[in-house]
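Novice: sequence unknown, structure follows:
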Ligand code: NAD
Ligand code: ZN
């Protein structure tokens, strides 16, 4: 679990006070990885407490993080820093959260990041790392994974060293998220709840968090009665609770299939989950019915026809990536999932998307 967290509008202003005691020396910089959507946004960037040899790196969130990108960042940081960094601070959405976690791990572990995609392969503790989300829903701020696309798979570095040492939850940072993106990333949270609450791995720990996040999502995406500030606060907490819920259980069918879309077509996580979930009545009847209501209520269009022109090879890759995520299928369907989920079944579903 994340060991330290602060919450509140304006809590971003505490960043200096929080990280200063963690500075190892004047030569050991803090590296700030910041979503480049904030370039030129002095409201946010003027509050980043740069000192000594610290570096601010703007990073595009247009594409999801790749293992090669992580390795390159780590190499650049090592080459340009006099000493091993005091810490990594990620400021952005799930993309930047995951990059910050992965970079902090790879600064203390040998080799390439693709070798750590999987479960519990990390040997050494990461450098101190801080997560500051600016969009809510993924739960990446609280989770024990960092999802990376590698040369042969899309899979997280899941380890006890992955979670942030410190998270700053300042809902005000999410105030300018565009509406479509708000919905797609928010639905990631809703889908986490549905997949966790309907999974075979469910337990009292996951259930308590999942139910709270589910309740908040219903309020957020179906009620009209919230002020923007209340909505920002609540979605940030829904994201946290949704992430906590899957921390001790697992996601399911939508995530497994969305990883396949992401791997072959580069479809981003939030929108990919929405595209897939729209067709999963068979697995999650109540959840999908609610999702359709939320979509209509918020006037959101989900892209169609993504798989119309795929070759057989591309379908096969997509299906292999999805079926490779065994824990997700086992959570969704049970130990005998291979009797229900066949390559043809997945192809039929993908063809509808
Ligand atoms: P994102 O980080 O990809 O950002 C989406 C868009 O929103 C980007 O264009 C970004 O620039 C913009 N944005 C972010 N904050 C903004 C703000 N305050 N104002 C205006 N624009 C803003 O989106 P996401 O949905 O949060 O993250 C998706 C990523 O998270 C994927 O790479 C996915 O694999 C990963 N993920 C990780 C976990 C985990 O547990 N580690 C869980 C779910 C998803
Ligand atoms: Zn997700």
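Specialist: Yep, that arrived. In this text the structure is predicted, and so the values were computed from the model without any measurement. Ligands and ions are numbered 1, 2, ... in the order given.

Novice: contacting residues around stretch 311-328?
Specialist: 153-155, 250-253, 255-257, 259-261, 263-264, 307, 310, 329, 341, 343, 346-347, 350 (Cβ atoms under 8 Å, 6 or more residues apart in numbering). Where you see a C-beta, it was placed from the backbone N, CA and C, and this is true even at glycine.

Novice: quick one: buried ones out of those residues?
Specialist: 153-155, 250-253, 255-257, 259-261, 263-264, 307, 310, 329, 341, 346-347, 350 (16 or more other Cβ atoms under 10 Å).

Novice: may I see the buried residues of stretch 278-289?
Specialist: By 16+ other Cβ under 10 Å, the buried positions in stretch 278-289 come out as 278-280, 283-284, 287-288.

Novice: now do the end-to-end distance for that stretch.
Specialist: Chord length of stretch 278-289, first to last residue, is 9 Å (Cα to Cα, to the nearest Å).

Novice: for that stretch, what does the pLDDT average out to?
Specialist: Stretch 278-289 shows a mean pLDDT of 98.

Novice: what does it rub up against?
Specialist: 190-191, 194-195, 198, 252-254, 277, 291-292, 295, 302, 332-333, 349, 352-353.

Novice: can you lay out the buried residues of stretch 278-289 as a markdown table showing distance to residue 9 and secondary structure?
Specialist: Output for these, formatted as a markdown table (distance: Cβ to Cβ, whole Å; DSSP: H, G, I helix; E, B strand; the rest coil):
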| residue | distance to residue 9 | secondary structure |
| --- | --- | --- |
| 278 | 34 | coil |
| 279 | 38 | coil |
| 280 | 36 | coil |
| 283 | 38 | coil |
| 284 | 34 | coil |
| 287 | 31 | helix |
| 288 | 34 | helix |
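
Novice: closest point of the stretch 201-350 of the chain to ligand 1, which residue?
Specialist: residue 269 (3.5 Å; Cβ to the nearest ligand atom).

Novice: that residue: what's it in contact with?
Specialist: 64, 94, 138, 147, 188, 258, 262.

Novice: how much space between the first one and residue 138?
Specialist: Going back to what we said before, that points to residue 64. Residue 64 sits 11 Å away from residue 138, going by Cβ to Cβ, to the nearest Å.

Novice: what of the last one?
Specialist: Between residue 262 and residue 138 the distance is 13 Å, computed by Cβ to Cβ.

Novice: before we move on, what SS does residue 177 have?
Specialist: coil (DSSP: H, G, I helix; E, B strand; the rest coil).

Novice: same thing with residue 50?
Specialist: coil.

Novice: residue 172 now?
Specialist: Three-state assignment for residue 172 (three-state DSSP): helix.

Novice: now it. Nearest residue, chain neighbours left out?
Specialist: Residue nearest to residue 172 in three dimensions, not counting chain neighbours: residue 9, with 4.5 Å by Cβ to Cβ, 6 or more residues apart in numbering.

Novice: about what we covered before: more neighbours, residue 64 and residue 138?
Specialist: residue 138 (26 against 21; other Cβ atoms under 10 Å).

Novice: A strand includes that one, no?
Specialist: No: Residue 138 is assigned coil when assessed by three-state DSSP, not a strand.

Novice: would JSON lines of the buried residues of stretch 278-289 with distance to residue 78 be doable?
Specialist: Output for these, formatted as JSON lines (distance: Cβ to Cβ, whole Å):
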{"residue": "278", "distance to residue 78": "44"}
{"residue": "279", "distance to residue 78": "45"}
{"residue": "280", "distance to residue 78": "44"}
{"residue": "283", "distance to residue 78": "45"}
{"residue": "284", "distance to residue 78": "45"}
{"residue": "287", "distance to residue 78": "45"}
{"residue": "288", "distance to residue 78": "47"}
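
Novice: which residue ranges form the helices in the chain?
Specialist: Per DSSP state H, the chain carries helices over the ranges 15-19, 42-45, 67-80, 94-106, 179-197, 204-222, 228-247, 253-265, 269-277, 285-297, 312-323, 326-333, 337-340, 343-351.
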